[in-house]
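A.B. asks: Pasting a predicted model and its sequence here:
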Amino acid sequence: MSIRLTAYEFFAGGGLAGLGLNGANPGGVSGIETVFANDMDRAKAAAFTANHPRIPFHLGDVWDLTTADLPGAPDLAWASSPCQDVSLAGGRGGLTAGRSGAFWGFWRLIEGLSREGRAPGIIVLENVIGLLTSGAAQGEDFAAVCTAMAAGGWRIGALEMDAAHWLPQSRPRLFVVAMAEEIAAAAPQTRAPNGPFHSSRLIAAEARLPQAARDAWTWWSLPVPSRRNLDLDALLEPDETAVWLDDGEAILALAAPLHRARLEAAIASGRRTVGAAYRRVRRENGRKVQRLEIRFDGLAGCLRTPAGGSSRQYVVVCDEGRARVRRLTGREAARLMGVSDDYLLPPSQSAALKLMGDAVAVPVVRALAEGLLKPALSARRAAA
């Protein structure tokens, strides 16, 4: 007999966190099933309801929700709160700014559920790693989140997880995990930070926390995949169906000397070599210059939204003594997030890229769920 676990999915976007949570695994523990979701973006809401038609969905600001809108008593609450104000591409306004300040609207609901005896056993806050250092004082926002969680009686910890462990995309993200005391006791953890998910940035951020938050801190433990996925080429559309850019040579001419050398070496090798590239604005000799930055390490660069401060990502293919350039497609972006091809994407490339650029990678969530969240929750249910 399987154990049914349930979750709320806040700031749900297209529902990729839920895809990662709701994967059945051996041992009698089912996936963690989303029973309520919300987002205030109409385009994302349309994608969510198209792909998850049976899940109750609330379109609107999290501040407009009350606990009466939330069904039952969930095992987990997931929040991929807006990151623009704490990301490097945003204005770094922090959690007091309008978009990232939505975290406090979410936390208001958690406090309300606690008063009603319906609090989830685990809370996961997913955000960019910039949360570790954002705020008027370095790390002020991270400290505010951890202090609020500690004040509510939660055991807290965090992991910095890069999608590159599972997918051919460089995408580091921060996962702050808070657990009720009785659940934390059964969760995999270590006495001291170790492994790739306890980065030097995270260790430094934990050391800056107020004492009350440090007293509630736990170093969660998570298995590390045996090897990285470095096969970007395997996720791309066939060359013969791709739409290559007529101005590809002009785009490649923007490469800085180091990136030009990488490109020329790839062409000279005679082997098919696939790279990913972004146009960036860099300062050289006191002036701003647009440069193409290319990587040939088997990974795509971190997916961005088309309006997120970076240009759309390019695919560069070197073969037969030449290099061709095209734009990454929405379907390819979805594959780079671990989404299967039966997922319904918005019809426009821009909308599809925005949906994926704002999302969380499915295999990362699955690894977190299977390695940490499910073991803790299933131990609690077994003891009940």
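C.D. replies: Perfect, thanks for sending it. Numbers count the residues shown, from 1 in each chain.

A.B. asks: Now do the longest helix belonging to the chain: which elements does it pack against?
C.D. replies: Secondary structure of the chain per DSSP state H: the longest helix is helix 102-115. Contact here means 3 or more Cβ pairs under 8 Å, 6 or more residues apart in numbering; DSSP states H and E; on that basis helix 102-115 packs against strand 76-79. Using the backbone N, CA and C atoms, a C-beta is placed for each residue, glycine as well.

A.B. asks: Contacts for the strand it packs on, please.
C.D. replies: For strand 76-79, contacts defined as Cβ atoms under 8 Å, 6 or more residues apart in numbering pick out 5-11, 17-18, 21, 32, 103, 106, 110, 120-126, 373, 377.

A.B. asks: again, 7 Å this time
C.D. replies: If you take Cβ atoms under 7 Å, 6 or more residues apart in numbering as the criterion, strand 76-79 is touched by 7-11, 17, 21, 32, 106, 110, 120-125, 373.

A.B. asks: Mind giving me the PyMOL select for those residues, buried ones only?
C.D. replies: Entered in PyMOL, the line below selects the buried ones among those, by 16 or more other Cβ atoms under 10 Å:
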select buried, resi 7+8+9+10+11+17+21+32+106+110+120+121+122+123+124+125+373
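
A.B. asks: In strands, which of the contacts of strand 76-79 fall?
C.D. replies: Judged by DSSP state E, strands contain the following of the contacts of strand 76-79: 7-10, 32, 122-125.

A.B. asks: now stretch 174-190: mean pLDDT?
C.D. replies: When pLDDT is averaged over stretch 174-190, the result is 96.

A.B. asks: do stretch 15-34 as well
C.D. replies: Stretch 15-34 comes out at a mean pLDDT of 77.

A.B. asks: just stretch 215-229 next, same as before
C.D. replies: Rounded mean pLDDT across stretch 215-229 is 91.

A.B. asks: In the protein, what residue spans correspond to strands?
C.D. replies: With strands called from DSSP E, the chain shows them at 3-10, 29-39, 57-59, 76-79, 122-127, 155-162, 172-179, 189-190, 219-220, 273-284, 287-295, 314-319, 322-327.

A.B. asks: Run me through the strand neighbours of the third one, direction for each.
C.D. replies: It refers to strand 57-59. Strand 57-59 has the following strand partners under DSSP bridges: strand 29-39 (parallel).

A.B. asks: quick check: angle from the strand it pairs with to strand 3-10?
C.D. replies: 20 degrees (axes from the mean of the first three to the mean of the last three Cα atoms, to 10 degrees).

A.B. asks: Residues contacting strand 29-39, please?
C.D. replies: Outside strand 29-39, the residues within contact range by Cβ under 7 Å, 6+ apart are 2-13, 15, 18, 21-24, 45, 48, 55-60, 62, 65, 70-72, 74-76, 369, 373-374, 378.
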